[in-house]
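Colleague: Prediction below, plus the sequence it came from.
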Amino acid sequence: MQVLKFGGSSVATADNIKRVLALAHAAAQRTPTVVVVSALSGVTDALIDAGRRAAAADASYREHLQVLEQRHLDVVRSLLPITGQSAVLSLVKTYCNELESICDGVFALGELSARTLDRLVSYGELLSSRVVAAALAAQDTPHQWLDSRQLIRTDAHYGHAAVDFTTTNPQIQAAVSGADAALYVAPGFVAATHDGSTTTLGRGGSDYTAAIFAGALGAEQLEIWTDVSGMMTADPRLVRHARPIPRISYQEAMELSHFGAKVLYPPTIQPVMRQGIPLWIKNTFAPEDEGTLVEVAPPAHQATVRGLSSIGAVTLLRLEGGGMVGIPGFSRRLFAALAREQVNVILITQSSSEHSISVAVNKADAARAQQAADEEFGPEISAGRLDPLYREDDLAIVALVGEQMKDHPGISGRMFGALGTNGINIRAIAQGSSEKNISTVIRQQDVRKAINVLHETFFEATTRQVNMVLVGVGNVGRKLLDQLARQQTWLREKLRLNLRVVGLANSSRFVLDEEGLDLHNWKPALEAGQPMNLTELTAELLALNLRNTVFVDVTASADVAAGYAPLLARSVAVVACNKVAASSAYAEYARLKALAHDFNTQFLFETNVGAGLPVIGTLNDLLRSGDEVHHIEAVLSGTLNFVFNNYDGTRSFAEVVRQAQDEGYTEPDPRLDLTGVDVARKILILARESGRTLEMSDIHNDSFLPASCLEGDVAAFYEQLAVHEPHFRGLYDAAAANGQKLRFVASYADDKARVGLQSLAPGHDLYSLQGKDNAVLFYTNRYVEQPLVIKGAGAGADVTASGVFADILRAVQS
Ligand SMILES: NC(=O)c1ccc[n+]([C@@H]2O[C@H](COP(=O)([O-])OP(=O)(O)OC[C@H]3O[C@@H](n4cnc5c(N)ncnc54)[C@H](O)[C@@H]3O)[C@@H](O)[C@H]2O)c1
Ligand SMILES: N[C@@H](CCO)C(=O)O
């Protein structure tokens, strides 16, 4: 004996019912089968709506009932051959006439009682089960229609009646054992009181009907046929990679279904759990899919978290005040007051200080709950011993479910860590001591992000989505996009990162696309984007509320740098090769670092010094391991090193500078390189990263550039370089005469930093630098006689882009 239940979508149309017939027929070949059906999808709601209209003296209920009648007649006509239609067509009409009479009565009285409503909605299942039975008859499949109202006895709690199993079980057993059919069809949801008045078992109650039949008959299994392929690891409407859970315990299934996994009506579990009857959840539209098996003890599995669930539209109510500490009875009074108002409490937390109790309730119940509690505690509130009940709306509950969580340390740590690094604030936490469920209350608007982050953390060790916005698509930005495009597959396969660029901007346009831009063809999307406006870009990005988000600044713009703070404050990581922020006022640099720390995110700018060379990372490692930097000497300008390596008077100084710019070593404005400002910024950043509180004005800059080179624009600057050719030639000749080379050197020692041109002899550590190389010498407590040296290309779009790339990976992997 087995019981199969088909939900509303499985019987929504004639074609769907044909699938049900085939499945039922096949099942009955194997073993006697009871088929329980829901109403056609949408019918229960339509019946409630018709009843309410009638009660509100709105005569339009008649047209609504006609639509319902027509829908059922149409299904019969397309499902059955003409010869088999007449009996069931007249039955449908009879039922619909009864429905109309009930509604006419409601209309006349202007009142819809719970009892009448149950009577009204029972017709949904009566109709659908009769249609299915008639279709079986038409195809000569032996079967018997069972009237659940005569078999399932309940109390008179209309709308949510409680089953009297002592009477029900023998009635079901007698009805089935007395017949010799192999296939039975019964309406779900409906039952009756001892005196025959129709009741219903609560919304979703057809599952429960099926479980009651299965329990009474000691069925070998219960199958719930629906429109998804099992109970999913998370709501598939929220999580694209949600997948069916192959096996799950009754307890876990109950937790998940209580918490919003709508495929199973929670009471369903009880009758089958009592007898250990296996329960399958299967997909009518993909019967070959394995589905979910709910059983006593599913095999242990590596994923200790079995599923995730969420409930939206939650309100948190908090009773707080010194007056409740150590005094028994406050929680009893609170819960009694809520119970009197029929308020269902979804979650409870109380701090061990006993200073506050928080309860989560459905938003629809919140006003009643608040009033009930305020009335109950009126005297204490007036006396100032308790605060008025505090209410916070627009919240949701997100929960991890899994029986094995209790044996594994660190699950809640991973949960809170994953939510925290994504800027999701947890308002309350609840975990029962059985630890089957760890629940967090968060903002409603964070639910999608939270569920996805948690799904990735607990179910998708294989892929983590990273959402990146790149501002600046010049030399470095374009190279970075090339590198990302080339590495995307590798990142997915080796690092399990699905790195997507969801936003791009240059100085004129920006584009955001939640689905990710095509890295091989991003230009058309950017050109079709909106006019660049950083405030709008930031607002739109934050509104998308994507997980693992990184904002990458590859501009040289002070405006863009000024926009980091609001991003960090929402836990968006910032990766900058733009040096403006880290070299701005110390207070700003410190504020951004503190924001990153406080909001559990990253502010990384490795490429600010030495481009792709690991300079800042190495310095941080030295300090973290307890070393102390007391002296730095460095060549930090790729441009100036290139210029002084290539200038020997055979080509003009201006030509060599132009070549550096053409090859992509200079700043967008090359005067920043030639004046030494770019180098001053870099030594300032190194000093700060070494723990010193220096400002730009503390850096002594011995510029070698004649003052007139800075008057006017970049074109005028090149003209002035040409005018001052003898000056540059003089500098070169003086050094060459002594066998020396010109190097623009930055140094830091004794809390003082300076930058300037030096003429270095062959033995000097910085003498033999090639091309656009940089070199940094760190003298520390551990590197005393010989410095720690970092050396290599210090400018160039390719190396810089790879440094930015490394920072992005650091930001999302930390
Ligand atoms: N080139 C290198 O070797 C190197 C090395 C290290 C760091 N950097 C830094 O990289 C940054 C970019 O250098 P680049 O050579 O790619 O410059 P670039 O001039 O080629 O590109 C700059 C990009 O930024 C965009 N931009 C400018 N202002 C903007 C604004 N307000 N809003 C949006 N976009 C804006 C421009 O449209 C352009 O797409 C600079 O900060 C530079 O210091 C460069
Ligand atoms: N313009 C810079 C780029 C690297 O920061 C340089 O030449 O060093």
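Modeller: Yep, it's here. Residues are numbered from 1 along each chain as shown. Ligands and ions are numbered 1, 2, ... in the order given.
Colleague: Report the separation between residue 171 and ligand 2.
Modeller: According to C-beta to the nearest ligand atom, to the nearest Å, residue 171 stands 84 Å off from ligand 2. Any C-beta I mention is one placed from the backbone N, CA and C, and that applies to glycine too.
Colleague: Return the residues of this protein in contact with ligand 2.
Modeller: Within the chain, the positions lying close to ligand 2 (C-beta under 6 Å from any ligand atom) are 611, 637-639, 665-667, 673, 678, 794-795.
Colleague: Just send those residues back as TSV, with pLDDT and distance to ligand 1 too.
Modeller: Formatted as TSV, these follow (pLDDT from 0 to 100; distance: C-beta to the nearest ligand atom, whole Å):
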residue	pLDDT	distance to ligand 1
611	96	4
637	98	10
638	97	6
639	98	8
665	97	5
666	97	7
667	96	5
673	97	9
678	98	7
794	95	8
795	95	4
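Colleague: Please report which of the residues you listed has the highest neighbour count.
Modeller: For those, the largest number of neighbours (other C-beta atoms under 10 Å) sits with residue 794, at 32 neighbours.
Colleague: isn't residue 27 right next to residue 2, touching?
Modeller: Yes. If you go by C-beta atoms under 8 Å, residue 27 and residue 2 touch, sitting 6.5 Å apart.
Colleague: Identify the contacts common to those two.
Modeller: Counting by C-beta atoms under 8 Å, 6 or more residues apart in numbering, the common neighbours of residue 27 and residue 2 are 33, 223.
Colleague: In terms of packing, which of the two has more residues around it?
Modeller: Applying other C-beta under 10 Å to residue 27 and residue 2 shows that residue 2 carries more neighbours, namely 22 against 19.
Colleague: List the contacts of the more buried one.
Modeller: So residue 2 contacts 27, 30-34, 214, 219-223 (C-beta under 8 Å, 6+ apart).
Colleague: pLDDT, secondary structure and distance to residue 249 for these - can I get that in JSON lines?
Modeller: Below are these laid out as JSON lines (pLDDT from 0 to 100; DSSP: H, G, I helix; E, B strand; the rest coil; distance: C-beta to C-beta, whole Å):
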{"residue": "27", "pLDDT": "94", "secondary structure": "helix", "distance to residue 249": "25"}
{"residue": "30", "pLDDT": "91", "secondary structure": "helix", "distance to residue 249": "26"}
{"residue": "31", "pLDDT": "93", "secondary structure": "coil", "distance to residue 249": "25"}
{"residue": "32", "pLDDT": "94", "secondary structure": "coil", "distance to residue 249": "28"}
{"residue": "33", "pLDDT": "96", "secondary structure": "strand", "distance to residue 249": "25"}
{"residue": "34", "pLDDT": "97", "secondary structure": "strand", "distance to residue 249": "25"}
{"residue": "214", "pLDDT": "97", "secondary structure": "helix", "distance to residue 249": "17"}
{"residue": "219", "pLDDT": "96", "secondary structure": "coil", "distance to residue 249": "19"}
{"residue": "220", "pLDDT": "95", "secondary structure": "coil", "distance to residue 249": "19"}
{"residue": "221", "pLDDT": "96", "secondary structure": "strand", "distance to residue 249": "16"}
{"residue": "222", "pLDDT": "96", "secondary structure": "strand", "distance to residue 249": "15"}
{"residue": "223", "pLDDT": "97", "secondary structure": "strand", "distance to residue 249": "18"}
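Colleague: from those residues, which would you call buried?
Modeller: Buried members of these, counted by 16 or more other C-beta atoms under 10 Å: 27, 32-34, 214, 219, 221-223.
Colleague: in the stretch 651-800 of the chain, which spans are helices?
Modeller: 653-662, 671-674, 677-689, 714-723, 725-737, 797-813 (DSSP state H, counting those that start in this stretch).
Colleague: Surely residue 174 forms part of a helix?
Modeller: Yes. Per DSSP: H, G, I helix; E, B strand; the rest coil, residue 174 lies within a helix segment.
Colleague: Single out the most deeply packed of the helices of the stretch 651-800 of the chain.
Modeller: Mean neighbours per residue, mean count of other C-beta atoms under 10 Å, is largest over the helices of the stretch 651-800 of the chain for helix 677-689, with a mean of 24.
Colleague: Run the chain-centre distance for that helix.
Modeller: Here the centre of helix 677-689 is set off from its chain's centre by 39 Å, with C-alpha atoms, centre = their mean, to the nearest Å.
Colleague: for stretch 21-38, same thing?
Modeller: Mean-position distance between stretch 21-38 and its chain equals 40 Å (C-alpha atoms, centre = their mean).
Colleague: quick revisit: adding distance to residue 488, write the helices of the stretch 651-800 of the chain out as TSV.
Modeller: Formatted as TSV, the helices of the stretch 651-800 of the chain follow (distance: least, C-beta to C-beta, whole Å):
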stretch	distance to residue 488
helix 653-662	30
helix 671-674	33
helix 677-689	31
helix 714-723	37
helix 725-737	46
helix 797-813	12
